[in-house]
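Enquirer: Using only what follows, build the 3D model:
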Amino acid sequence: RPSSAFMKQFMERQPKVGLCMLWSVGPKRMEAFEAKIKSEINDPAKQEAKKQRRLLADMRHSLQKTLVNTPTLASDLWKLYRTADADASGRIDFEEFCEILAGVGIGPKQVGDKGLHLLFETADADGNGTVDFSEFLKAVVGNIVSV
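Expert: Below you'll find the model as predicted:
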């Protein structure tokens, strides 16, 4: 039997899952599960991390939708990257990164200035203020490809 309003709502929304969990783990572990879920909901750092993962997933989806996943995906991304690298430095800065995103429909209107900075910081894995092609590829494709 659920011990709190939170678990009652969970049981109403997911009755089969809730009953299976309650039956298999018992009320003590169910209360621990409830406490963990509540702490994640109320933790601003976890909410920010979740937002960052969602923004990154949206960026990947938009870029992958624009550049269909074909055998030439890496070369298509290289062309896109090289075109954005206006100063031919081999690294793109924030403005050049934003140009790439704007080309696939991701801009301040969609994610806000803070979201653009968050995406750039995520792509800039080494934190030096620029994104090289391997960082860009990992940000767009994920860890599927190693460069």
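Enquirer: now for whatever helix or strand residue 138 lives in, which elements pack on it?
Expert: Taking DSSP states H and E as the definition, one finds residue 138 inside helix 133-141. The contact analysis (3 or more CB pairs under 8 Å, 6 or more residues apart in numbering; DSSP states H and E) places helix 133-141 against helix 44-66, helix 73-84, helix 108-123. To be clear about C-beta, it is placed using only N, CA and C from the backbone, and glycine gets the same treatment.
Enquirer: Spatially central residue for the protein, please.
Expert: residue 53 (2.2 Å; CA atoms, centre = their mean).
Enquirer: Enumerate every residue touching it.
Expert: Residues counted as contacts of residue 53 (CB atoms under 8 Å, 6 or more residues apart in numbering): none.
Enquirer: Look at it and report its pLDDT.
Expert: Among the per-residue scores, residue 53 shows a pLDDT of 78.
Enquirer: and if you look at residue 133?
Expert: 90.
Enquirer: ok, now residue 4?
Expert: Each residue has a pLDDT score; the one for residue 4 is 64.
Enquirer: How about residue 108?
Expert: 76.
Enquirer: give me the number of residues near the nearest residue to it once chain neighbours are set aside?
Expert: Nearest residue to residue 108, sequence neighbours excluded (CB to CB, 6 or more residues apart in numbering): residue 116, at 6.4 Å. By other CB atoms under 10 Å, 21 other residues sit near residue 116.
Enquirer: for the one 10 residues further on, same thing?
Expert: Neighbour count of residue 126, defined by other CB under 10 Å: 10.
Enquirer: what's the answer for residue 92, then?
Expert: By the criterion of other CB under 10 Å, residue 92 has 26 neighbours.
Enquirer: Phi and psi next, for it.
Expert: Dihedral pair for residue 92: phi -110, psi 140, per degrees, to the nearest 10.
Enquirer: any idea how far it lies from residue 43?
Expert: Remark: distance between residue 92 and residue 43 (CB to CB, to the nearest Å) = 33 Å.
Enquirer: do residue 108 as well
Expert: 28 Å.
Enquirer: hmm, who's touching the helix holding residue 138?
Expert: 56, 59-60, 63-64, 73-74, 77-78, 81, 90, 92, 119, 122-126, 131, 145, 147.
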